[in-house]
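Chemist: Sequence and predicted structure, then a few things I'm wondering about:
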Amino acid sequence: MRATRLPRLHVITDTRVLDAAPVGPLHDPIIATEAALAAGARLVQIRPEDHYTDRAAFDLAAAIAALCDQYGAACLVNDRVHIAQAVGADGVHLGADDLPIDAARRILPPASIIGGTARDPESARAARRAGATYLGVGPVWGTTTKTGLPQPIGLEGLAAVCEAVDLPVIAIGGITAERAALCRAAGAHGVAVVGAIAAAADPRQATVELLEAVGESPTAGREDDSRNTRTAGDSRSERVRAVGAGHTEETPDTGLLRGVGRA
Ligand SMILES: Cc1ncc(COP(=O)(O)OP(=O)(O)O)c(N)n1
Ligand SMILES: Cc1nc(C(=O)O)sc1CCOP(=O)(O)O
Ligand SMILES: [Mg+2]
C-alpha cells in the first residue's frame, strides 16, 4: 500500500475584488497559484467567493485544476461540491454552513480528501466522526481576508484541537512564515494561507519561505524541480489515492494517510 503525507502547505486562492482589497498588491488568483506551484506547493484550495457565479467558479476551478495537474499537486474546492465533481478535483473543504461532511463523503469518490472546519475540540471530534480527512482550524490569529469570523483561538486553542483528535490539523487565519513554524510547534500538521501568498510582493518567494517554515522542502515529493511532466497513468485519481483520503485507515502519524482499497 502506498501512503503519502497530506501536504503541509495549503495555498488558498484569493478572489476578492481587486480594487476592494485591503492589503498588498493582490495578484490574479491564477497567476498567484501558478507562482506557488512553481515554488513547490503541493496542494491548492480553490475558494471562489460568493460573488462568483457557479459558471465563474467552474471556469476558475477548471483552470487551477489543470495547473495542479501540470505540477503534480492536489487540488480541493471550497464549499461547492458539485464544482469539485465537475472538474475532477481531489476533494473539498467544508465548514459549518456547507454541505455536511458525511453527505459529501457519500457522493464523492471514496478516495476524496474532505477537509472540515473546526474551531474547538468538540467540533473537531464531530468532523472526525463525520468522515473528515483533515481539519482546518482557526482563526488562529486575526485576518483581514475574511469577515465575520469569531475571535482568534490563538496557539492555545490550536494546541487544544491538535490534542483532541488524531487527524491532521491545518492551521488558518493570519498565518505568516514565522507563525507557521509556531503552529507546527503547537502540534499542527501544516497551515493554510490566503494573503501570505496572494498579497505578497513576490508570491513565489513567499511560498518558498512558507514551505521551509512548515518543514517541507520546496522540491519535496517532486521528481525534479521543473514543471511536472505527466505520464500515462498519472491521473488525478491515482495521485489523490497517493495523497490520502478515506478516513477509515490511518497510521499513528496523523499526517500519513492511507487510501482505501489500494494495492
Ligand atoms: C483549511 C481551511 N480551513 C478553514 C476554512 C474555512 O472554511 P469555512 O468555515 O467553510 O469558511 P469559508 O472558507 O467557506 O468561507 C477553509 N476554507 N480552509
Ligand atoms: C478563509 C478563512 N477561513 C478562516 C477560518 O478561520 O475559518 S480564516 C480564513 C482566511 C485566511 O486568510 P489569511 O491567510 O489571509 O489570514
Ligand atoms: Mg465554507
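Modeler: Looks like it arrived, so ask away. Ligands and ions are numbered 1, 2, ... in the order given.
Chemist: and Ser217, helix, strand or coil?
Modeler: Reduced to three states with DSSP: H, G, I helix; E, B strand; the rest coil, the structure at Ser217 is coil.
Chemist: Hmm, it is touching Gly40, no?
Modeler: Yes. Look at Ser217 against Gly40 with Cβ atoms under 8 Å: they come within range, at 7.3 Å. Yep, even glycine has a C-beta here, placed from its N, CA and C like the rest.
Chemist: Taking the stretch 101-250 of the chain, what residue is nearest to ligand 3?
Modeler: Thr117 (6.7 Å; Cβ to the ion).
Chemist: got it, and the stretch 1-150 of the chain?
Modeler: For the stretch 1-150 of the chain, Cβ to the ion, closest residue to ligand 3: Gly95, 3.6 Å.
Chemist: Tell me how far that residue lies from ligand 1.
Modeler: Distance of Gly95 to ligand 1, given as Cβ to the nearest ligand atom, to the nearest Å: 2 Å.
Chemist: Over to Ala126?
Modeler: According to Cβ to the nearest ligand atom, Ala126 stands 14 Å off from ligand 1.
Chemist: That residue - nearest residue in space that isn't next to it in sequence?
Modeler: Excluding the flanking residues, the one nearest Ala126 by Cβ to Cβ, 6 or more residues apart in numbering is Ala118, at 7.8 Å.
Chemist: Just the pLDDT at Arg128, thanks.
Modeler: pLDDT recorded at Arg128 is 98.
Chemist: Actually, Gly259.
Modeler: If you check Gly259, the pLDDT there is 36.
Chemist: Check Val243 too.
Modeler: Val243 is given a pLDDT of 45.
Chemist: try Asp28
Modeler: On the pLDDT scale, Asp28 is placed at 88.
Chemist: and it, how many neighbours?
Modeler: 13 (other Cβ atoms under 10 Å).
Chemist: same thing with Tyr52?
Modeler: Tyr52: 17 neighbours (other Cβ under 10 Å).
Chemist: That one in helix, strand or coil?
Modeler: Under three-state DSSP, Tyr52 comes out as coil.
Chemist: Distance of it relative to ligand 2?
Modeler: Shown here: Tyr52 relative to ligand 2, a distance of 14 Å by Cβ to the nearest ligand atom.
Chemist: Got phi/psi on Ala61?
Modeler: Main-chain torsions, Ala61, degrees, to the nearest 10: phi -60, psi -40.
Chemist: I'd like the distance between it and Asp50.
Modeler: 15 Å (Cβ to Cβ, to the nearest Å).
Chemist: who's more crowded, the two?
Modeler: Ala61 (27 against 8).
Chemist: still on that earlier bit, so the residue nearest to Ala126 sits against Val161, correct?
Modeler: Yes. Contact status for Ala118 versus Val161: in contact at 5.9 Å, counting by Cβ under 8 Å.
Chemist: Pull up the overlap in contacts between those two.
Modeler: Common neighbours of Ala118 and Val161, counting by Cβ atoms under 8 Å, 6 or more residues apart in numbering, are 124, 135, 137.
Chemist: Leu60 and Asp202: what is the separation?
Modeler: In terms of Cβ to Cβ, Leu60 sits 23 Å off from Asp202.
Chemist: Then Arg119?
Modeler: From Arg119 to Asp202 the distance is 32 Å (Cβ to Cβ).
Chemist: Could you list the buried residues of stretch 180-199?
Modeler: Buried residues in stretch 180-199, defined by neighbour count with 16 or more other Cβ atoms under 10 Å: 180-184, 186-199.
Chemist: re earlier: confirm for me that the residue of the stretch 101-250 of the chain closest to ligand 3 is in contact with Ile101.
Modeler: No. Thr117 lies out of contact with Ile101 (Cβ under 8 Å); the separation is 9.8 Å.
Chemist: now the helices: where do they sit in the stretch 151-263 of the chain?
Modeler: In the stretch 151-263 of the chain, the helices defined using DSSP state H, counting those that start in this stretch lie at 154-164, 177-185, 195-198, 203-213, 236-243.
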